[in-house]
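Student: need a structure here:
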Amino acid sequence: MRKLGPQTKQHAEEKPSRLVAWLPVVLAVIATMSWAGNITLAKLVNATIPPMGLSFWRWTVAAVVLFPFVYKPMRAQWPLLKQHLGLVLVLALLGVAGYNSLVYIALENTLSTNVVILQSTSPLMILLVQFLLLGHTTTLKQTIAIAISAIGVLLIITKGQLISDFSIGQSELIALFAILVWATYCVLVQRLPEALKGLPILGYTVYIGTAMIFPVYLAESVFIQTMPVSFNSVAISLYTGIFASGIAFFCWNSAVMKMGAAQTGQFMHLIPVFGIIFSMLLLGERMAGYHYVGITFIVLGLFIAHLPSRKQQLSSPR
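Tutor: You can find the predicted model right below:
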């Protein structure tokens with residue numbers, strides 16, 4: 001029987017380690033694909049499925065899927081929840097009841113492409129919220145980055161009519177406000193004690209947020225449009241509840257634990273990429289010239305925001 005030499009053994013050992021090293025990358029990609037798919041599919045069915053109905057049933061399915069994982073952590077942190085109830089209620093309103101519902105409302109009268117491109121402004125929107133709510137001063141570099149990206153955003157929400165025939169689309173403004181709501185959630189969630197972060201706050205916000213959506217969903221059903229019981233409605237509720245909420249969350253958090261928050265956060269920029277691809281394939285949407293120019297300004301702003309400062313360059317090892 002042929003024996004393996006030292007080099008062959010080393011090569012055989014390297015293969016599993018390489019696969020393990022790539023696993024967090026794959027998990028982060030799965031999460032961003034799921035979130036991009038959520039936006040595209042919501043646009044695909046928005047003619048027959050009302051926004052608050054989709055939002056309510058998405059989180060209802062997510063609540064059922066997440067229950068086995070969040071029940072014990074939630075129960076263990078119940079005393080701590082009561083101490084921070086006000087903040088948790090705000091987080092549930094912003095992160096669950098507010099953000100996704102606003103995105104679904106915006107999709108009724110705008111392109112899925114517009115919504116996913118505007119998503120890429122999230123990191124800069126977080127900087128703005130930190131300045132407005134917490135008084136964190138922004139550097140000159142960050143201010144320039146926000147201003148440049150803002151030009152890109154204005155190009156998209158005005159459909160390229162930034163100078164002549166200036167008008168802002170209402171749905172694009174709702175989508176932009178949704179991102180502001182999400183950015184506020186991201187800033188405020190950092191004020192929670194460490195013991196509440198992770199699974200406990202996920203469970204509390206999902207269950208409380210779903211309860212907040214319920215009366216609005218009832219009002220929509222009575223006065224505007226009833227959620228139909230059909231293959232499409234069941235399928236989209238299961239997808240958004242299981243993949244975009246449950247599986248995506250576990251994939252993303254697993255990636256964060258392996259790669260760290262900063263490195264994993266860069267994968268958020270894949271949401272517009274996947275979203276545009278899905279919109280072209282499933283919805284037949286095409287990007288206009290102002291989309292390309294707007295993306296250029298947004299990406300340029302993000303690039304400037306991530307440039308290392310002179311102080312960091314001097315202190316970094318060579």
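Student: OK, contacts around the residue most central in space within the chain?
Tutor: Nearest to the mean C-alpha position of the chain, by CA atoms, centre = their mean, lies Trp35 at 6.5 Å. Counting by CB atoms under 8 Å, 6 or more residues apart in numbering, Trp35 makes contact with 244, 248, 271. Placement of C-beta: from N, CA and C, glycine included.
Student: okay, those in a markdown table with neighbour count next?
Tutor: Below are those laid out as a markdown table (neighbours: other CB atoms under 10 Å):
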| residue | neighbour count |
| --- | --- |
| Ala244 | 25 |
| Ala248 | 21 |
| Ile271 | 24 |
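Student: show me what the strand or helix carrying Ala255 is packed against.
Tutor: Under the criterion of DSSP states H and E, Ala255 resides in helix 248-259. Packing partners of helix 248-259 (3 or more CB pairs under 8 Å, 6 or more residues apart in numbering; DSSP states H and E): helix 6-45, helix 261-265.
Student: for the record, mean pLDDT for the first one?
Tutor: Going back to what we said before, that points to helix 6-45. The average pLDDT within helix 6-45 is 76.
Student: equivalent analysis for the shortest one, please.
Tutor: Helix 261-265 carries an average pLDDT of 64.
Student: so which bits of the following helix or strand past that helix are buried?
Tutor: For helix 261-265, the following helix or strand on the C-terminal side (DSSP H and E) is helix 270-278. Along helix 270-278, these residues count as buried under the neighbour rule (16 or more other CB atoms under 10 Å): 270-272, 274-276, 278.
Student: I figured Val61 hits Phe243, correct?
Tutor: No - using CB atoms under 8 Å, Val61 makes no contact with Phe243, being 10.1 Å away.
Student: just checking, Ile126 touches Ala183?
Tutor: Yes - judged on CB under 8 Å, Ile126 makes contact with Ala183 at a distance of 4.6 Å.
Student: quick one, which of the two is more surrounded?
Tutor: Shown here are Ile126 and Ala183; by other CB atoms under 10 Å, Ala183 has more neighbours (24 against 18).
Student: how far is the helix or strand where that one lies from where the chain is centred?
Tutor: Applying DSSP H and E as the criterion places Ala183 in helix 170-188. Centre-to-centre, helix 170-188 and its host chain are 11 Å apart (CA atoms, centre = their mean, to the nearest Å).
Student: tell me the pLDDT of Ile117.
Tutor: As summarised for this prediction, Ile117 has a pLDDT of 80.
Student: hmm, back to that, other residues contacting the helix holding Ala255?
Tutor: 23-25, 27-28, 30-31, 34-35, 66, 69, 198, 202, 264, 267.
Student: recalculate using a threshold of 6 Å.
Tutor: Here helix 248-259 makes contact (CB atoms under 6 Å, 6 or more residues apart in numbering) with 24, 27-28, 30-31, 34-35, 264.
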